[in-house]
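In: when you get a sec, could you give me coordinates for this:
(3 chains)
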Amino acid sequence: MNMANKTDKSRRRFLQKLGIAGASTVAGSALLLQGCSDSNKASGNKVKVLTADNKLVEVDVAHLKPGDKIQDLSYLQKRGREGIPGKKFVMVVDLAKCKNARKCMKACQSAHQLKPEMHHINVLEMEDPVKKTSYWMPKTCQHCDNPPCVSVCPVDATFKRQDGIVLIDNERCIGCRFCVAACPYSARTFNWTEPKNSDQYAEVTYDMELNVPQKKGTVTKCAFSADRLREGKLPYCVSACPNGVYYFGDQNEDLVTNGTTKKTVRLSHLLEENAAYTLMPELGTQPSVYYLPPREDKG
Amino acid sequence: MKNNKGYHIIILFCLCFLAVANVNAQSDWQVPVEANEKLSPFLFDDDMVLEGRVAYENSCTSCHGTPSQDDFTPMSPPPGDPASEPFQAQSDGSMFYKIKTGRGTMPKFADAFADDELWNIVAYIRSFNENYKQELPNMEGIVIPEYAMKLSFDENVDKLVVKVFAEELPQPEVSVSAYVMGTFGKHLLGKAQTNELGIAYVDVDPTLPGDEEGRVNVMVKATKGFARAKVEEHMVMAKATERHSAIEGRHIWSTDRMAPIWLKITFFVSVFGVWFALLFIVFGLRNIKKARKEA
Amino acid sequence: MNETITKGHLSEEQIDRDLLKNVNWGGTFKLWMGFLTVSLIICLYYYYQQLRNGLGVTGLHDYVSWGIYISNFVFFVATSLIGMLVSSVLGMMKVDWVRPVARIAELVAVAFAMVAGLIIITDMGRPDRLLNVFIHGRVQSPIVWDIAVVVTYVAISALLLYIPMLPDIALCRDKLNNVPKWQQKMYKSLSLGWNNTAKQFRLMNRYTRMLLVLIIPIALSIHTVTSWLFAMTLRSGWDSPIFGPYFVSGAFVAGCAAVIIAMYFFRNNYKLKNYITADHFDRMGKLLVLVALVYVYFNINEIIVPGYKANTADAKHVHEMLYGHDSVMFWLVQLGGLVIPFLLILFKPMRKPLPLTLISVIVLAGAWFKRVLIVVPTQLAPYYPIQNVPEGWTGYTPTTPEIAITVASFILVLMIITVLAKLFPVVPIWEVKEDMNHKNN
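Out: Below you'll find the predicted structure:
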């Protein structure tokens, strides 16, 4: 009897611990979002918000939880321009693992309100001119440290932030497409016509870190999912990949996390051990996206 | 052409053979009773699930696909989706046994993974089953110690020193794993066992960058059977690194405010210079009007 | 040749009558303007469509995001450059024969430069945000330099058209009594009380000289900056250090051709055979030979230097030009639009008014397509393959709205030139008189 009690007790203790662990995770993410919650005091009026999986729902302002997207444009604009202090985001793409599943492209297009022909990330079939073989190469914005697109923008609509991310403010973009012409990686795409489902997004507040809602006549491109990074989450494409192609992390910490396995490794070791390279380093653009070489045969 | 045909026939033959030999991979795989009833000595928690996932993605996905996606590789016998009914109907011990020993096309993982790592994989597979309730071993008579940990860093040998206690007594043979917490995940520094003084040493790479003072967020787990503890602490043990903004200084590509001074001066001096001259001429036109009286 | 710059002995009254004759609002003018207006309205309907539906109504896409709007813009800026060459460079070198055609060159310059500014707006995805360029302008962007310099060039060209025209405006004020009231008023206020005093001439000459000096660096920079829109990028085919002089030399070819066409038109329609003589055509022809020669030289450099080194991307670009996708247009433009005309004009009979004008039309058309060849093929040869996009995105075909809006820019130029040529004498009367008196004494 006594013994049985003890066992029960210890069991309960585990469960308690488990509960505490769970609670602390929630608290942690709430802390991350604390900065976003000041604009939520007003009540009575309903707003349309995007949920984490990018569905539109209508909620009362008072019921907005820290995880919900905030509705204050000036706050979002300021936040988007400033970036996250102390970070320098990098991506590593392991070409040997890419099997052209295209889950990254799908996740990206649905998150960023993109039409099927618009790509923030595009999986290309690359030919090896010497071996006559081909491999799959996902190509995003390279978030260059010397970005040609930002240099040429006449109105400071595309800009580089302190955390290394190159973003677009589509509230300011005049649609001259100089950045599209200047980008050697063809990473930029343009809203030639009314964006997809624009009527559904009509009342959504513009968040430049997500670049949604898209606007006709403005440029859009990969934002390294800056909105997700703020919540401590990996980018949409990175977490959607089923094959462990992407690593993403902070260069300052020298740690990158695989989006599929969630394994965190040292960036410098990963790059060194796998003979990593960047795309067209001779152009001097200094990309923040590294590639690990493909295997000889296509996976 | 001929070669190709032969190749096809061989594949066809193999497939037929496999199909006949093994109609259903799960149903007729007999697991010894003892193994079938084996229970995990660990409580399946989030950490185990996460580690199990890493192991699964590296070793299992190629055949079994992503659990609950039904995207396993079509082979014979079909490897099946671990989140599916036939998989989840088995006992924990049965899963553990099958992964460990393997059979036919299913490899044997006994050499690849230690027992605790195999249990991680089981925990991961179970995480797809909402109705699953872990069956715990009979704990009668077993007292589970409550661990406390003390962390320190020995900078002479670059080692993280972990002391594990339970009610003030040092605990030997406790598995200790130390992690550095990154923005998106935890990076394993190393694993070690405590010695008879209850102390475990984990190597720290001195090149690991910390913040300006060399601080990193360290998480240490101590486990031994069902006993476990976890601490998270900011410790000065990495290389002090200054964090620079990616846009500091005057750059040609930065905002107008941060434009190089020579560029601003050149631009504005030339534009205003020319327009000044033009305005001079335009205002000078009045002189032409005045000059009409001269004659 | 018995024809000289201006045909011998003409009395001042004769000159006044001949050169003021065109200043009227005749039936032909009304018909012509009516035709232009109707065409413009049709084209503007397409622009309205573009405003409503976005740039998607054009043939542009993510890979060719700059098409004939931008190449047309480059062409317009190029053509407008001739004002600088003729009135400033030749004028200051005291090349007297250009004086009767200098105003025509200025007219062409003003019209093309003004419309060039508008073309840029038609290419913008968000023309409603034009003001952002002034509110948030970054001095690091070539577009900001381009806007600054185009606006400045329009202002200088307009002044350079206006100030040397003061005596002629005064003449219109004094002699034209049968024009509408508003026109008389306009002449009165524009002439600034001009009554041919020595001091007025002194001031006018001083200001004109200042403008002539000022316009040289501005004109050179307007086209150099336009070339930098391309040369400042890392795209093969654009990434070239000689793009500035290459564009400037090409601009003179287009401008010369445009002026020759305008000269021919005014000479025939306004019966100015005594003032714009065959000799003028002969000399403009020679000028065209000179500038075409320089341009051919730059073209050879542009192709042979990257072609010889053949780094991966450049080799592809040069190959597409010489043998591949763009080869037909390339050889038509280079041979048909530049080399053959250039060789033809070497022969004197080809420099007679009519043949020279016909050749100029071909040169001008070639110059337009040359700008397309500069803008488009580079974008069709990106460093990374064009994949997972609609099939049409591996090429570029302008659509009807796009062509219509481009045509609208030409209509606008014609309208501006027509109206200006109906308001003011196209040949500087006082200069012709001065020349005549000089000769007679």
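
In: look up which residues are beta-bridged to A:D94.
Out: A:L292 (DSSP bridges).

In: wait, it sits on A:C241?
Out: No: contact status for A:D94 versus A:C241: not in contact, 9.8 Å apart, counting by Cβ atoms under 8 Å. C-beta coordinates here come from the backbone N, C-alpha and C atoms, glycine included.

In: quick one: is the one helix or strand A:Y247 maps to near chain B?
Out: Per DSSP states H and E, A:Y247 falls inside strand A:246-250. Yes: Strand A:246-250 reaches chain B (Cβ under 8 Å from any Cβ of the partner chain) through A:F248, A:G249, A:D250.

In: okay, now the domains of chain A?
Out: For chain A, the structural domains run A:34-71, A:84-292, going by automatic domain parsing.

In: among those domains, which gets the worst mean confidence?
Out: With a mean of 52, domain A:34-71 has the lowest mean pLDDT of the domains of chain A.

In: tabulate the domains of chain A (a markdown table), appending distance to B:V231 and mean neighbour count.
Out: Output for the domains of chain A, formatted as a markdown table (distance: least, Cβ to Cβ, whole Å; neighbours: other Cβ atoms under 10 Å in any protein chain shown):
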| stretch | distance to B:V231 | mean neighbour count |
| --- | --- | --- |
| domain A:34-71 | 24 | 14 |
| domain A:84-292 | 19 | 21 |
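
In: now those domains as a markdown table including distance to B:M106?
Out: Output for the domains of chain A, formatted as a markdown table (distance: least, Cβ to Cβ, whole Å):
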| stretch | distance to B:M106 |
| --- | --- |
| domain A:34-71 | 35 |
| domain A:84-292 | 21 |
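
In: tell me the one among the residues of strand A:246-250 next to chain B nearest to chain B.
Out: Top of the list for closeness to chain B, among the residues of strand A:246-250 next to chain B and by Cβ to the nearest Cβ, is A:D250 at 4.9 Å.

In: so what's residue 270 up against?
Out: I went with chain A, as the question did not name one. Counting by Cβ atoms under 8 Å, 6 or more residues apart in numbering or on different chains, A:L270 makes contact with A:V92, A:Y247, A:V256, A:A276, A:L292.

In: actually, chain C is the one I wanted.
Out: By Cβ under 8 Å, 6+ apart, the residues touching C:Y270 are C:K21, C:N22, C:A421, C:V426.

In: apart from its chain neighbours, what residue comes closest to the last one?
Out: The shortest distance from C:V426 to any residue other than its chain neighbours is 5.2 Å, reached at C:F266 (Cβ to Cβ, 6 or more residues apart in numbering or on different chains).

In: wouldn't the one you found be in contact with C:K273 here?
Out: No: applying Cβ under 8 Å as the test, C:F266 and C:K273 come out as separate, 10.5 Å apart.

In: which of the residues in the longest helix seen in chain C are buried?
Out: Ranked by residue count, the top helix of chain C under DSSP state H comes out as helix C:198-231. Neighbour counts using 16 or more other Cβ atoms under 10 Å in any protein chain shown place C:200-201, C:203-204, C:207-208, C:210-212, C:214-215, C:218-231 of helix C:198-231 among the buried residues.

In: those residues also near chain A: which ones?
Out: Filtering the buried residues of helix C:198-231 for neighbours of chain A using Cβ under 8 Å from any Cβ leaves C:L229, C:F230.

In: ok, longest helix in chain B?
Out: Determined from DSSP H, the single longest helix within chain B is helix B:261-290.

In: please work out how many residues are found near C:W32.
Out: Using other Cβ atoms under 10 Å in any protein chain shown, C:W32 has 16 neighbouring residues.

In: quick check: closest non-adjacent residue to it.
Out: According to Cβ to Cβ, 6+ apart, the nearest residue to C:W32 is C:T418 (6.6 Å).

In: gap between that neighbour and C:C256?
Out: Look at C:T418 and C:C256: by Cβ to Cβ, to the nearest Å, they are 21 Å apart.

In: ok, those two, which is more surrounded?
Out: C:C256 (27 against 16).

In: quick one: contacts for that one?
Out: C:C256 neighbours (Cβ under 8 Å, 6+ apart): C:I82, C:L85, C:M284, C:L287, C:L288, C:V291, C:S360, C:V363.

In: relative orientation of the host helix or strand of it and helix C:198-231 in degrees?
Out: Per DSSP H and E: C:C256 is located in helix C:243-269. Relative orientation of helix C:243-269 versus helix C:198-231 (axes from the mean of the first three to the mean of the last three Cα atoms, to 10 degrees): 130 degrees.

In: so the following helix or strand past helix C:243-269 versus helix C:243-269, what angle?
Out: Note on helix C:243-269: by DSSP H and E, the next helix or strand toward the C-terminus is helix C:278-309. Interaxial angle, helix C:278-309 versus helix C:243-269 (the same axes, to 10 degrees): 150 degrees.

In: return the residues of the stretch 201-350 of chain C in contact with chain A.
Out: Counting by Cβ under 8 Å from any Cβ, the residues of the stretch 201-350 of chain C near chain A are C:L229, C:F230, C:M232, C:T233, C:L234, C:R235.

In: quick check: chain neighbours aside, which residue is closest to the residue of chain C positioned farthest from its centre?
Out: Relative to the C-alpha centroid of chain C, counting by Cα atoms, centre = their mean, C:N388 is the outermost residue, at 40.4 Å. Excluding its sequence neighbours, the residue lying closest to C:N388 (Cβ to Cβ, 6+ apart) is A:N122, at 5.6 Å.

In: who touches the one you found in this structure?
Out: So A:N122 contacts A:M105, A:P138, A:K139, A:T140, C:Q387, C:N388 (Cβ under 8 Å, 6+ apart).

In: name the spans of chain B whose pLDDT lies under the cut-off.
Out: Residue ranges of chain B with pLDDT under 70: B:1-27, B:294-295.

In: how about the strands in it?
Out: In chain B, the strands defined using DSSP state E lie at B:147-154, B:159-166, B:169-170, B:175-181, B:186-193, B:199-203, B:215-224, B:227-236.

In: dump those to a markdown table, plus distance to A:D207 and mean neighbour count.
Out: As requested, the strands of chain B are exported to a markdown table (distance: least, Cβ to Cβ, whole Å; neighbours: other Cβ under 10 Å):
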| stretch | distance to A:D207 | mean neighbour count |
| --- | --- | --- |
| strand B:147-154 | 40 | 16 |
| strand B:159-166 | 41 | 20 |
| strand B:169-170 | 53 | 12 |
| strand B:175-181 | 27 | 22 |
| strand B:186-193 | 29 | 18 |
| strand B:199-203 | 41 | 20 |
| strand B:215-224 | 28 | 21 |
| strand B:227-236 | 31 | 17 |
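
In: right, and these - which one's nearest chain A?
Out: strand B:186-193 (4.0 Å).

In: give the other helices and strands that that closest one contacts.
Out: strand A:264-266, strand B:175-181, strand B:199-203 (3 or more Cβ pairs under 8 Å, 6 or more residues apart in numbering or on different chains; DSSP states H and E).

In: tell me how far that strand lies from the chain's centre.
Out: 13 Å (Cα atoms, centre = their mean, to the nearest Å).

In: same thing with stretch C:209-216?
Out: On the basis of Cα atoms, centre = their mean, stretch C:209-216 sits 18 Å off its chain's mean C-alpha point.

In: anything in that stretch near chain B?
Out: Yes: using Cβ under 8 Å from any Cβ, stretch C:209-216 reaches chain B at C:M210, C:L211, C:L214.

In: going by distance to chain B, which of the contacts of A:L270 wins?
Out: A:V256 (7.8 Å).

In: show me what contacts that closest one?
Out: Contacts of A:V256 (Cβ under 8 Å, 6+ apart): A:90-92, A:247-249, A:264-267, A:270, B:182, B:184.

In: hang on, it is in a strand, isn't it?
Out: Yes: checked against DSSP: H, G, I helix; E, B strand; the rest coil, A:V256 lies within a strand.

In: no further questions, thank you.
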